[in-house]
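J.: Structure for the following, please:
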Amino acid sequence: MNGDQEKKTTEVRNTNEQVGDTNIRRQTVESSKKISTSVILQRIIYYVAGVIVALLVFRIVLLLLAANQGSPFVDFIYGVSGFFAWPFYGVFSYQPAYGQSIFEISSVVAVLVYALVAVGLAKLLTLTSSHDE
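T.: Now for the predicted structure:
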């Protein structure tokens, strides 16, 4: 990523028109900026982590409210977020109990871990960068 430098291109167009006895001069300025690969990768990392964290937060709230697992939405959230919360179940000897109001600490730990990993990966991409982005 040594060659990734921010490039700004500016294009200026001048137009002269004669309307009656009046000269009209118009100037159009267009600017474009190249976004570096590391910035794009950071945005992708933050987006994916944001989706995972949002699913886990939905899971925490639904479990606290003892949401009905018979509902398709609740079942979908439990199913998808359970995949991301599963590695953290053994931390607190937790067995999921649906239909009861419960505060799932392992999901809170999962939110923190996924958020920290995302920030760490995103910052890792800026190590070779010569300027702040």
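J.: which element is the residue nearest the centre of the chain on?
T.: Taking Cα atoms, centre = their mean as the criterion, residue 47 is the residue nearest the geometric centre of the chain, at 2.1 Å. Using DSSP states H and E, the element containing residue 47 is helix 37-64.
J.: could you pull out the helices for this protein?
T.: Chain-ordered helices for the chain, with DSSP state H as the definition, fall at 37-64, 72-85, 105-124.
J.: In the protein, where is pLDDT below threshold?
T.: Counting by pLDDT under 70, the chain contains low-confidence residues at 1-16, 18-19, 94-98, 129-133.
J.: Tell me how far the residue nearest to the centre of the chain lies from residue 118.
T.: The spacing between residue 47 and residue 118, counted by Cβ to Cβ, to the nearest Å, is 9 Å. Bear in mind the C-beta positions are built from the backbone N, C-alpha and C, glycine included.
J.: Tell me which residue of the chain is furthest from the middle?
T.: residue 21 (56.6 Å).
J.: Tabulate the helices of the chain in CSV, adding columns for distance to residue 91.
T.: As requested, the helices of the chain are exported to CSV (distance: least, Cβ to Cβ, whole Å):
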stretch, distance to residue 91
helix 37-64, 14
helix 72-85, 10
helix 105-124, 6
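J.: for those, which one sits closest to residue 93?
T.: Ranking these by proximity to residue 93 (Cβ to Cβ) places helix 105-124 first, at 9.5 Å.
J.: in that closest one, what's buried?
T.: 106, 107, 108, 109, 110, 111, 114, 115, 118, 122 (16 or more other Cβ atoms under 10 Å).
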